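# sequence unknown, structure follows:
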């Protein structure tokens, strides 16, 4: 029987799951809707049923040796999901305690960016690195920090919320968190907001002047930049400036070997990575300059979520 | 024979050394001038001579089991002091390699704030804590970060430079580092600068309106605050605001159990700690609120430097 870890990634809309072996090969993967269930227990039954059906459809027999879960506001220490703003389960959900009714195997839970960092360490570009950071750029900005080869959970399990450091004091509002948080500038919605800010500020022509606020997506900004639209190009420059400035403070804290950038916005490649690198370097003390790599993630987007969750399991078992 | 570790703290003007046993008792201590020696090797001979003379003056026989050194820009990994702005030795000084000619015992070197953090963990207020931060407030702002019970040196040995995070973009100049660095606001010179900023800004009477810039000290600001001088009181409030805002970003990175504040400015007690706590809390995400303690250091200023250096030794030996 082949040993596999189940990686689970709980998103606001969909929950992805997959069977991953110790080498990081995804044998099978699937998803269920996160919403539409009566409560968390009904959701867990649906998740278990989906996992079992997928398991039975495999041509070879597998043994589930653990379940690793990435979830918003997931607390590694307690196995709970706490006040997650984009999930319908309110308060403190004892997710692992409840899911143990279905599988009597080791389980670990943390937030999605932390599990991405462990995935990067075991299966991605951070193999062999002891000090690095993963930034996930999507609807929000998440981060996972590794120090001395271990993920930093902090005293209460919630360390690594770089999306909520302040980059512009008294700046943009965001749905959750303080005004001026990094996430309001460096994320898919953040770059769209910057496009509108730039259209107000500059007088150059741009295709975006004909698009309403609610129709603009980060993908359109990327496509605009590829075509040389000056507002789109400047929006990436400014987004990278915000991120680079914030990361210089992070480097001053932690002096990592590399910072990996992952997620939808990161697929814009050098449009985002070059200004990030430049502005980070501009703000570093001399002893830190030209040492920290800014790299795209070594995981592909399609499998990263389940690899991250499963990496949690393999790391726990390997301790 | 009693086993002792020699703790050494290299400052710009004086070098302190002391003999510390495993329980953190300082058996003896002394100092030599850091400056006035032909080169680093002549300085080391003077330091060794002072240590030997002190050792011979003790009533009991002691065995030196190690030497731990706190020095500006001290690199833990290489045992070097690199481009320290306030020392006359330029470039990269192989301090441990050279000092091993005098003592063939385990040696460790790091910056003074890092050694203060290890001192706090072994002998001070952080006993038993696994995740905490020490901020040293003197001529500059130093910091030592402990995660999972280990000091964070980062990839290159220089992690923990919180004095150089940016708190006001494009703000005050400082002798070393970028404009707007935290150290330009939260340090002994920083609070003096804030007094002059406030005198320009406000119209209240203050004793400081009769004192020239070059005569003002942080101690005078503290004494003014004790007497209720409105500029002095507001200067502490504003200094705490800067520190609290910066620490909220640090908490978002690392989620520590406590932050210890140490050094001359910290002796102002609640004048500095209360606004720091308030503004840190104001800027935290809900999941971090009312969890992180802001505490005065558990080490007294007179012995902290040598305790820190010696703690480095006891920690290395204890591994």
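Done, it's in. Keep in mind the model is a prediction, meaning the values are calculated, not measured. Numbering: from 1, shown residues only, chains lettered A, B, ... in the order given.
# which parts of the top helix by length along chain A are buried?
The longest helix of chain A (DSSP state H) is helix A:230-254. For helix A:230-254, the neighbour count (16 or more other Cβ atoms under 10 Å in any protein chain shown) marks A:231-254 as buried. C-beta: built from backbone N, CA, C; applies to glycine.
# and what of stretch A:302-316?
For stretch A:302-316, the neighbour count (16+ other Cβ under 10 Å) marks A:303-315 as buried.
# Any idea what the closest residue in space to residue A:103 that isn't next to it in sequence is bridged to?
Leaving aside its sequence neighbours, residue A:103 sits nearest to residue A:67 (Cβ to Cβ, 6 or more residues apart in numbering or on different chains; 5.8 Å). On the basis of DSSP bridges, residue A:67 is bridged to residue A:6, residue A:107.
# for residue A:67, what are its contacts?
A:5-6, A:8, A:99, A:103, A:105-108, A:309, A:313 (Cβ atoms under 8 Å, 6 or more residues apart in numbering or on different chains).
# What of residue A:250?
A:133, A:162, A:165, A:256, A:259, B:253.
# just checking, the third one touches residue A:246?
Yes. Look at residue A:165 against residue A:246 with Cβ atoms under 8 Å: they come within range, at 5.9 Å.
# if I look at these two, which residues touch both of them?
By Cβ under 8 Å, 6+ apart, the residues touching both residue A:165 and residue A:246 are residue A:182.
# residue with max distance from the center of chain A?
Relative to the centre of chain A, and counting by Cα atoms, centre = their mean, the farthest-placed residue is residue A:203 at 35.2 Å.
# what about it, which SS state?
For residue A:203, the secondary structure call by DSSP: H, G, I helix; E, B strand; the rest coil comes out as coil.
# returning to what we had before: could you check how far the residue nearest to residue A:103 is from residue B:107?
47 Å (Cβ to Cβ, to the nearest Å).
# quick one: low-confidence parts of the stretch 101-250 of chain A?
For the stretch 101-250 of chain A, no stretch is flagged by pLDDT under 70.
# Give me the mean pLDDT for stretch A:53-65.
Taken as a whole, stretch A:53-65 carries a mean pLDDT of 95.
# Buried ones in it, by neighbour count?
Result for stretch A:53-65 [16+ other Cβ under 10 Å]: buried residues A:54-55, A:62, A:64-65.
# Number of residues surrounding the closest residue to chain B within the stretch 1-150 of chain A?
Closest residue of the stretch 1-150 of chain A to chain B, Cβ to the nearest Cβ: residue A:131 (4.5 Å). If you count neighbours by other Cβ atoms under 10 Å in any protein chain shown, residue A:131 ends up with 22.
# and if you look at residue A:77?
13.
# Can you show me the strands along chain A?
Applying DSSP state E to chain A gives strands spanning A:2-10, A:14-20, A:26-33, A:62-70, A:74-75, A:80-82, A:92-93, A:107-110, A:132-137, A:141-147, A:150-151, A:258-262, A:293-296.
# elements contacting the second one?
It refers to strand A:14-20. If you count contacts as 3 or more Cβ pairs under 8 Å, 6 or more residues apart in numbering or on different chains; DSSP states H and E, strand A:14-20 packs onto strand A:2-10, strand A:26-33, helix A:40-57, helix A:301-318.
# hey, least reliable of the ones you listed by pLDDT?
helix A:301-318 (a mean of 88).
# Could you pull up the residues touching the residue nearest to residue A:239 when sequence neighbours are not counted?
Among residues not flanking residue A:239 along the chain, residue A:191 sits closest, at 5.0 Å (Cβ to Cβ, 6+ apart). Under the criterion of Cβ under 8 Å, 6+ apart, the neighbours of residue A:191 are A:218, A:221, A:235-236, A:239, A:265.
# run the last query once more with 7 Å
Going by Cβ atoms under 7 Å, 6 or more residues apart in numbering or on different chains, residue A:191 touches A:218, A:221, A:235, A:239, A:265.
# Could you verify my assumption that residue A:22 touches residue A:313?
No. Using Cβ atoms under 7 Å, residue A:22 is not in contact with residue A:313; the gap is 9.6 Å.
# is it possible to export the buried residues of stretch A:302-316 to JSON lines including distance to chain B?
JSON lines is the format used below for the buried residues of stretch A:302-316 (distance: Cβ to the nearest Cβ, whole Å):
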{"residue": "A:303", "distance to chain B": "27"}
{"residue": "A:304", "distance to chain B": "22"}
{"residue": "A:305", "distance to chain B": "22"}
{"residue": "A:306", "distance to chain B": "26"}
{"residue": "A:307", "distance to chain B": "24"}
{"residue": "A:308", "distance to chain B": "20"}
{"residue": "A:309", "distance to chain B": "21"}
{"residue": "A:310", "distance to chain B": "23"}
{"residue": "A:311", "distance to chain B": "18"}
{"residue": "A:312", "distance to chain B": "16"}
{"residue": "A:313", "distance to chain B": "20"}
{"residue": "A:314", "distance to chain B": "19"}
{"residue": "A:315", "distance to chain B": "14"}
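# Using a markdown table, lay out those together with distance to residue A:147.
Output for those, formatted as a markdown table (distance: Cβ to Cβ, whole Å):
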| residue | distance to residue A:147 |
| --- | --- |
| A:303 | 26 |
| A:304 | 22 |
| A:305 | 23 |
| A:306 | 25 |
| A:307 | 21 |
| A:308 | 18 |
| A:309 | 21 |
| A:310 | 22 |
| A:311 | 17 |
| A:312 | 17 |
| A:313 | 21 |
| A:314 | 20 |
| A:315 | 15 |
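# gap between residue A:271 and residue A:54?
Distance of residue A:271 to residue A:54, computed by Cβ to Cβ: 37 Å.
# Repeat that for residue A:73.
Applying Cβ to Cβ to residue A:73 and residue A:54 gives a distance of 27 Å.
# Tell me which residues touch the residue nearest to residue A:278 when sequence neighbours are not counted, please.
Of all residues not flanking residue A:278 in the chain, residue A:244 sits nearest, at 6.4 Å (Cβ to Cβ, 6+ apart). Residue A:244 makes contact with A:275-280, according to Cβ under 7 Å, 6+ apart.
# Show me how chain A divides into domains.
Using automatic domain parsing, the domain parsing of chain A gives A:2-122+A:301-318, A:127-296.
# which one of these lies closest to residue B:14?
Evaluated over these, closeness to residue B:14 peaks at domain A:127-296, with 24.0 Å, by Cβ to Cβ.
# Let's see the distance spanning the closest one from one end to the other.
14 Å (Cα to Cα, to the nearest Å).
# With stretch A:203-218 instead?
Stretch A:203-218: ends 21 Å apart by Cα to Cα.
# Would you mind listing what in the stretch 1-150 of chain A touches chain B?
Proximity of the stretch 1-150 of chain A to chain B, by Cβ under 7 Å from any Cβ of the partner chain, involves residues A:73, A:82-83, A:131, A:145, A:147-148, A:150.
# Give the buried subset of those as a ChimeraX selection command.
The buried residues among the residues of the stretch 1-150 of chain A next to chain B can be selected in ChimeraX (16+ other Cβ under 10 Å) with this line:
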select /A:73,82,83,131,145,147,150
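# of the residues of the stretch 1-150 of chain A next to chain B, closest to residue B:138?
Among the residues of the stretch 1-150 of chain A next to chain B, residue A:147 lies closest to residue B:138 (Cβ to Cβ), at 26.2 Å.
# so how far is residue B:254 from the closest one?
9 Å.
# Quickly list what's touching both of those two.
Common contact partners of residue A:147 and residue B:254 (Cβ under 7 Å, 6+ apart): residue B:147.
# quick revisit: tell me who's in contact with the residue of the stretch 1-150 of chain A closest to chain B.
A:146-148, A:254-257, B:154-155 are the contacts of residue A:131 under Cβ under 7 Å, 6+ apart.
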